[in-house]
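Chemist: Test case, fold it:
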Amino acid sequence: MPGKTLRPLRILRHLLVPDWWVRRAFPAALVARIEAAVAASERRHRGELRIVAEAGLPLASLLGGERGNQGAGQATDAVRARAIDLFAALRVWDTAGNSGVLIYLQLVDRRVEIVADRGIDACVGSAFWRDVCVPLETALHAGDFEGGLLAAIERIEAALITHFPARADNLNELPDRPLVL
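Modeler: Okay, here's the model as predicted:
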């Protein structure tokens, strides 16, 4: 079984990538520009965007990565499981309009996962998230983190403006600054 023989190599790749690798890909100036884009976007709708970039998965995620997909009854991989865990831990699910969106970039496997709260997910559906993810993953593979993220933010912003337009009492419920782990 090919997946079983590659698993130890994948775990090793994740464990050997130093933490500074993700900070090299996301220097302070880029983090500040993405933060400004998120803040500007959130002034135009009631959604909340959280961006997380991580080099390698933690060992616990690698060892426990194959699990059920929160009620869907389907197996999911370690990257998706990690994104779901961060969605919960960062309380992206806990926004007033159920309109939080987590964009998770995992650099070792060059994967993107988007986890959306039930309010916005019910409005746009899984095909929309795939259409946002695919070009972002393409940009990630090309090393264009900024261009890919800004385009993803714009697409998500358009959906949030349509379904959760801003109001006078538009609260900022989550930090705008990308989290670089």
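
Chemist: what's the spacing between the nearest residue to residue 170 once chain neighbours are set aside and residue 40?
Modeler: Excluding its sequence neighbours, the residue lying closest to residue 170 (CB to CB, 6 or more residues apart in numbering) is residue 46, at 6.1 Å. Where you see a C-beta, it was placed from the backbone N, CA and C, and this is true even at glycine. According to CB to CB, to the nearest Å, residue 46 stands 15 Å off from residue 40.

Chemist: Give me the more crowded residue out of those two.
Modeler: More crowded of residue 46 and residue 40, by other CB atoms under 10 Å: residue 46, with 22 against 12.

Chemist: re earlier: who are the neighbours in contact with the residue nearest to residue 170?
Modeler: 96-97, 99, 160, 164-167, 170 (CB atoms under 8 Å, 6 or more residues apart in numbering).

Chemist: in the helix or strand containing residue 133, what counts as buried?
Modeler: Assigned by DSSP states H and E, residue 133 belongs to helix 118-142. Residues of helix 118-142 classed as buried by neighbour count (16 or more other CB atoms under 10 Å): 119-121, 124, 128-129, 132-133, 136-137, 139-140.

Chemist: Residue 111 contacts residue 79, correct?
Modeler: Yes - at 4.6 Å, residue 111 counts as touching residue 79 under the criterion of CB atoms under 8 Å.

Chemist: Quickly find the element holding residue 101.
Modeler: Residue 101 belongs to strand 100-106, assigned by DSSP H and E.

Chemist: Could I have the CA atoms of the next helix or strand after that strand written out in CSV?
Modeler: The element immediately downstream of strand 100-106 (helix or strand, assigned by DSSP H and E) is strand 111-116. What follows is strand 111-116, C-alpha atoms only, in CSV (Å, rounded to 0.1, in the frame of the first residue of the first chain):
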residue,chain,number,x,y,z
ARG,A,111,-2.4,22.7,1.0
VAL,A,112,-5.2,25.2,1.6
GLU,A,113,-8.3,24.4,3.7
ILE,A,114,-11.2,26.8,4.1
VAL,A,115,-13.5,26.2,7.0
ALA,A,116,-16.6,28.3,7.1
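
Chemist: relative to strand 100-106, how tilted is strand 111-116?
Modeler: In terms of direction (axes from the mean of the first three to the mean of the last three CA atoms, to 10 degrees), strand 111-116 departs from strand 100-106 by 170 degrees.

Chemist: now for strand 111-116, which elements pack on it?
Modeler: In terms of contacts (3 or more CB pairs under 8 Å, 6 or more residues apart in numbering; DSSP states H and E), strand 111-116 is packed against helix 78-89, strand 100-106, helix 118-142.

Chemist: avg pLDDT for the first one?
Modeler: Per-region confidence: helix 78-89 scores 95 on mean pLDDT.
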